[in-house]
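*Asks:* Give me a model of this one.
(2 chains)
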Amino acid sequence: DGGITQSPKYLFRKEGQNVTLSCEQNLNHDAMYWYRQDPGQGLRLIYYSQIVNDFQKGDIAEGYSVSREKKESFPLTVTSAQKNPTAFYLCASSFPPYPNQPQHFGDGTRLSIL
Amino acid sequence: SQKIEQNSEALNIQEGKTATLTCNYTNYSPAYLQWYRQDPGRGPVFLLLIRENEKEKRKERLKVTFDTTLKQSLFHITASQPADSATYLCALGGSSNTGKLIFGQGTTLQVKP
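*Replies:* Numbering: from 1, shown residues only, chains lettered A, B, ... in the order given. The predicted structure is shown next:
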């Protein structure tokens, strides 16, 4: 079955540490997105990519970095510069034309601080 | 700045009744509006999309309306069931070809048997 796989499901970060969240899709989608979800708040866009080797900052990109070396993969690194990283992180993908297509989401990674 | 408001309080209804969820927005002219369902600890799942020139969209027990004058969308679930209990998110998309969506904070629906 096609879908989006996020790993790990739970992740713990120590002070000063960078951590990388994995996102893989086998839907053959061109676009991929990373969102952050905090309790009582809507999803906020961190980064998005519409094509391999290209990505753009979303609304809250500070303290995060991404890469898009393969169509199927869009990993997110939470750097030590992100001072409040505790949140639920969601990866999504979609076909063009945007936004006339739904976004398909993975089941998220919950990041906590040790 | 752009703002989306969904009912912040949980909506509790009896099984078999119609649930109505509201999505209001300001300082934005969306070309599309989407509704998603999210279960605890899971990612959102797409339900319906409605365009700015459409007044109403239906899918089985679901109905969405879109009033660009009132800047509001209503999401209805008829003959609600306990399995419909979840958080429902609305998301707005503009006419630019970026795919970016702006999400509301969601409304939690609880359907009691």
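
*Asks:* list the buried ones in stretch B:1-8?
*Replies:* For stretch B:1-8, burial by neighbour count (16 or more other CB atoms under 10 Å in any protein chain shown) applies to B:4, B:6-7. C-beta: built from backbone N, CA, C; applies to glycine.

*Asks:* my bad, stretch B:31-50
*Replies:* Buried, per 16+ other CB under 10 Å, within stretch B:31-50: B:32-38, B:43-44, B:46-50.

*Asks:* If we check chain A, which of these are in contact?
*Replies:* With the criterion set as CB under 8 Å from any CB of the partner chain, the members of the buried residues of stretch B:31-50 near chain A are B:32, B:34, B:43-44, B:46, B:49.

*Asks:* The buried residues of stretch B:1-8 in strands, which ones?
*Replies:* In strands, defined here by DSSP state E, the members of the buried residues of stretch B:1-8 are B:4, B:6.

*Asks:* ok, and which of the buried residues of stretch B:1-8 reach chain A?
*Replies:* B:Ile4.

*Asks:* and A:Ser80, how many residues sit next to it?
*Replies:* Applying other CB atoms under 10 Å in any protein chain shown, we find 14 residues neighbouring A:Ser80.

*Asks:* before we move on, what about A:Val19?
*Replies:* Neighbourhood size, A:Val19 [other CB under 10 Å]: 18.

*Asks:* if I look at it, how far off is chain B?
*Replies:* To chain B, A:Val19 is 19 Å away according to CB to the nearest CB, to the nearest Å.

*Asks:* Okay, and the beta partners of the residue positioned nearest the centre of chain A?
*Replies:* Computing the C-alpha centroid of chain A and ranking residues by CA atoms, centre = their mean puts A:Trp34 first, at 2.8 Å. Beta-bridge pairing of A:Trp34 under DSSP bridges involves A:Tyr47, A:Cys91.
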